[in-house]
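Using only what follows, build the 3D model:
(one chain, ligands or ions: 5)
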Amino acid sequence: MVAILLLFLTLPVAVFTKDVKCPEGFLHFKRTPTAKNNHTKNWCMKVSVYENVGNRDNARSVCLDDNATLTIPENREEYEAISAFIRKQNISEPHAIDGQMSQRCKLKIFRHELLRLKINTTAWPGDCNIKKKLFTFDDANTDTTFALTQFANNIPIGYGYNQHGGPKIFWMDECMKMTRTNDTEDRAGIKFVGLSWCMGVDGIDKSNIQFEGRLINSVLCGRHPL
Ligand SMILES: *[C@@H]1O[C@H](CO)[C@@H](O)[C@H](O)[C@H]1NC(C)=O
Ligand SMILES: *[C@@H]1O[C@H](CO)[C@@H](O)[C@H](O)[C@H]1NC(C)=O
Ligand SMILES: *[C@@H]1O[C@H](CO)[C@@H](O)[C@H](O)[C@H]1NC(C)=O
Ligand SMILES: *[C@@H]1O[C@H](CO)[C@@H](O)[C@H](O)[C@H]1NC(C)=O
Ligand SMILES: *[C@@H]1O[C@H](CO)[C@@H](O)[C@H](O)[C@H]1NC(C)=O
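Ligands and ions are numbered 1, 2, ... in the order given. Model prediction:
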């Protein structure tokens, strides 16, 4: 009787103190579980090096190969730990991270451009406000609140249009990227989120210096522990 009671008392303890293990190549992060990160207590992240992950579907696929998704740092401690790892591994920046502009909001911005209306995504009412649903995310296990305060510039950043006699053909940088991981001086309060063109360098002349800024050769992937 006593033995059975003891078994019931010790079993849950054994389950909860079990070692959390990430797959090889992933860093382990403890998180505060909340409704905004799908109650995630442990999260594994990896910086995967692969060419042209500026192309969003390439980036997604590279993560998927490790049973992971695109992810982002949830707080400054995570950003700093990942940056330190990146410096140690000498991986060049920028890095593709989770987050892409909602297509409906992109259309709203194009329409404002066409009509020459003021664009201010920090002031806009409704879903296209930066604090609302201006961006959509693949990963449900990361609270995106912190990252959305880390843009170095107002959104939209890079955008414009081309016109060759017909309609104005609009374009915009809309995929989130992580920057400044290799800065070594005063890292306090670095704003590290930028935007890049979601097509990467597909179909363009890679030797053209103008497109060098579009080269992204690493992506931040995240998954649950093993
Ligand atoms: C949230 O976490 C639960 C438990 O791990 C999981 O079953 C569910 O699929 C997660 N939700 C999403 C949207 O990933
Ligand atoms: C991904 O998950 C599948 C199915 O569970 C498994 O067969 C495969 O080995 C996993 N791959 C990696 C890289 O973890
Ligand atoms: C680090 O990477 C840079 C740029 O890719 C390269 O020029 C440099 O030689 C590398 N340094 C080391 C120590 O590997
Ligand atoms: C990081 O910065 C150091 C010092 O400025 C530089 O030597 C190195 O090449 C940079 N590494 C990468 C991968 O850009
Ligand atoms: C956008 O709106 C915010 C909040 O109202 C304001 O502080 C900011 O100056 C505006 N930015 C521009 C470029 O007008």
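
For residue 171, which three-state class applies?
Using DSSP: H, G, I helix; E, B strand; the rest coil, the structure places residue 171 in strand.

my guess is it contacts residue 163, does it?
No: here residue 171 does not reach residue 163: they are 11.7 Å apart, not a contact under Cβ atoms under 8 Å. For the C-beta atoms, the positions are set from N, CA and C on the backbone; glycine is no exception.

ok, the two, which is more surrounded?
residue 171 (14 against 9; other Cβ atoms under 10 Å).

any idea how far ligand 2 is from that one?
From residue 171 across to ligand 2, the span is 35 Å (Cβ to the nearest ligand atom, to the nearest Å).

What of residue 52?
Counting by Cβ to the nearest ligand atom, the gap from residue 52 to ligand 2 is 21 Å.

now residue 48
In terms of Cβ to the nearest ligand atom, residue 48 sits 11 Å off from ligand 2.

What mean pLDDT does the helix or strand hosting that residue get?
Residue 48 is part of strand 42-49, with elements assigned from DSSP states H and E. In this model, strand 42-49 has an average pLDDT of 98.

partners of it, with directions?
Strand 42-49 pairs in its sheet with strand 27-30 (antiparallel), strand 218-223 (antiparallel), by DSSP bridges.

Does it reach ligand 4?
No: contact of strand 42-49 with ligand 4 (Cβ under 6 Å from any ligand atom) is absent, the minimum separation being 10.8 Å.

now that strand: how far from the chain's centre is it?
Relative to its parent chain, strand 42-49 has a centroid offset of 12 Å by Cα atoms, centre = their mean, to the nearest Å.
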